[in-house]
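1. give the three-dimensional model of this entry:
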Amino acid sequence: MRIVTCIAPVNIAVIKYWGKRNEELILPINDSISASLDTNQMCAKTTVMISPDFESDRIWLNGREESIDNKRLQRCIQEIRKRVAVSGGTLSEEICQWKIHICSENNFPTAAGLASSAAGYACLAAALAKLYDFTGNISEIARLGSGSACRSVYGGFVRWYMGSDPTGRDSIAKQIAPETHWPEMRIIVLVVNDSKKKVSSAIGMKRSVETSKLLEYRAKHVPQKVEEMHQAILDKNFSKFAELTMRDSNQMHAVCLDTFPPCFYLNDISCTIIQLINAYNSAFDSIKVAYTNDAGPNTVLYLLEENVPLVLGLIDFFFPPSTISGQLYKKGNPPESITPTKKLLEKIDLQPQPIGSIRNIIYTRIGCGSTQLQNPSEHLLDNNGLPKNIQYL
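-> Residues are numbered from 1 along each chain as shown. Just a heads-up that it's a prediction; the model follows:
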């Protein structure tokens, strides 16, 4: 038997991917840019194993067995096998056809608008590549599972090029800058609701492509924003980076509202967080924090390290935590928060929200891309190809 375990990061887009020009190959209507987050706080972990003793392909996700017949999952597996066969890799044809067992876990909420599928499929593509000794571009394989997964293959700041080849061979991700490029950058993830969203990203995108006139406008103007963001990252121009991030998030959700029937991903707490960040920036007459929301209510903040303590203090004041343990509420070892002054609170002029409006806070930074774990104790499958941790209904 052969076994491989990998981890891959969540990536949070600053120029969004929203809409496909080809549903089957998952080809986007515009380039997008994201940052990969530190895997110590948010990642997917996947173990893949092939053996001549396995009777059928099987998959377990977060402790439960799921159907292996998922179309995108099968496409990733078959595409890797096909390319290995064509390239004449080191594995025999017989070994490549052994049945496969897959076990994957996330250490963060799934299907809640926190890019769980991106991390999951990037992790799967990385693990499959190692399993079958595939040396080609795995971002294309990851894209076949989930579009934004191609960005989670790499660390640091990543750009997904939409490409022009109808086969999708040039619709791949490339790193703009490594995780070491902007060491002062920090990320605060505000988990507002960790339940599964009512309208999936895939359905929402399809609906927007079919009905939103605003999406047509967006597609024409995103290329310029992408180039501006690319340069802002290289220049470490936070003010430009932050403004582009917020404007693009606003526009994506405007497209969702322009969709018919509309897709509602933000909730009242999400909107209040956005109000708070805008008021905070206005109080200092400069952009110190950027907010962004993917297709979900959970808000992600980008900011420089020096501004973290005061921003955490504002979050504590306006979104007081419940009596839950502080360690569980704030993850990632954030610094001590600074209590905002009365003068600052008067400038912001918002009312504190009900206790527990924010479920928990994840403090993190820019991190590396998909990585293979070498220690056998990290495998999620045992020597028989069964999950070490499994939930039985």
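
2. E79: helix or strand, and which one exactly?
-> Per DSSP states H and E, E79 falls inside helix 71-87.

3. so for the helix or strand just after that helix, mean pLDDT?
-> Next along the chain after helix 71-87, taking DSSP H and E as the criterion, comes helix 93-96. Confidence for helix 93-96, expressed as mean pLDDT, is 88.

4. can I get the helix holding E79 in CSV, CA atoms only?
-> Output in CSV follows, covering the C-alpha atoms of helix 71-87 (Å, rounded to 0.1, in the frame of the first residue of the first chain):
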residue,chain,number,x,y,z
LYS,A,71,-18.5,14.4,-9.7
ARG,A,72,-15.7,16.9,-8.8
LEU,A,73,-14.0,14.5,-6.5
GLN,A,74,-13.9,11.8,-9.2
ARG,A,75,-12.7,14.3,-11.8
CYS,A,76,-9.6,15.2,-9.6
ILE,A,77,-8.8,11.5,-9.1
GLN,A,78,-9.2,10.5,-12.7
GLU,A,79,-7.3,13.5,-14.0
ILE,A,80,-4.3,12.7,-11.8
ARG,A,81,-4.4,9.1,-12.9
LYS,A,82,-4.7,10.0,-16.6
ARG,A,83,-1.8,12.4,-16.5
VAL,A,84,0.4,10.0,-14.7
ALA,A,85,-0.4,7.4,-17.3
VAL,A,86,0.3,9.8,-20.2
SER,A,87,3.6,11.0,-18.7
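
5. okay, helices next: where are they in the stretch 51-200 of the chain?
-> With helices called from DSSP state H, counting those that start in this stretch, the stretch 51-200 of the chain shows them at 71-87, 93-96, 116-131, 138-145, 149-152.

6. quick one on the thing from earlier: buried stuff in the helix holding E79?
-> Residues of helix 71-87 classed as buried by neighbour count (16 or more other C-beta atoms under 10 Å): 72-73, 75-77, 79-81, 83-84. (Glycine included, C-beta is placed from N, CA and C.)

7. out of the helices of the stretch 51-200 of the chain, flag the one nearest V300.
-> V300 lies closest to helix 116-131 among the helices of the stretch 51-200 of the chain, at 13.3 Å (C-beta to C-beta).

8. for that closest one, packing partners?
-> Where contact means 3 or more C-beta pairs under 8 Å, 6 or more residues apart in numbering; DSSP states H and E, helix 116-131 is packed against strand 2-9, strand 43-51, helix 71-87, strand 99-106, helix 138-145, helix 149-152, strand 371-373.

9. can you pull out the helices in the stretch 251-393 of the chain?
-> 268-284, 308-318, 326-329, 342-348.

10. quick check: buried residues in the first one?
-> Right, the one you point to is helix 268-284. Those would be 269-270, 272-274, 276-277, 279-281, 283, for helix 268-284 by 16+ other C-beta under 10 Å.

11. is it possible to export those residues to a markdown table including pLDDT and distance to S67?
-> Listed next are these as a markdown table, based on pLDDT from 0 to 100; distance: C-beta to C-beta, whole Å:
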| residue | pLDDT | distance to S67 |
| --- | --- | --- |
| I269 | 96 | 34 |
| S270 | 97 | 32 |
| T272 | 98 | 39 |
| I273 | 98 | 37 |
| I274 | 98 | 38 |
| L276 | 98 | 42 |
| I277 | 98 | 41 |
| A279 | 98 | 47 |
| Y280 | 98 | 46 |
| N281 | 98 | 46 |
| A283 | 97 | 51 |
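
12. out of those residues, who's nearest F260?
-> S270 (21.7 Å).

13. doesn't R359 make contact with K331?
-> No: using C-beta atoms under 8 Å, K331 is not in contact with R359, being 11.1 Å away.

14. and P376, how many neighbours?
-> A count of neighbours around P376, defined by other C-beta atoms under 10 Å, yields 9.

15. likewise C263?
-> Residues contacting C263 under the criterion other C-beta under 10 Å number 23.

16. and the buried residues of helix 268-284 as JSON lines, adding distance to C263?
-> Listed next are the buried residues of helix 268-284 as JSON lines, based on distance: C-beta to C-beta, whole Å:
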{"residue": "I269", "distance to C263": "18"}
{"residue": "S270", "distance to C263": "14"}
{"residue": "T272", "distance to C263": "20"}
{"residue": "I273", "distance to C263": "19"}
{"residue": "I274", "distance to C263": "17"}
{"residue": "L276", "distance to C263": "24"}
{"residue": "I277", "distance to C263": "23"}
{"residue": "A279", "distance to C263": "27"}
{"residue": "Y280", "distance to C263": "28"}
{"residue": "N281", "distance to C263": "27"}
{"residue": "A283", "distance to C263": "32"}
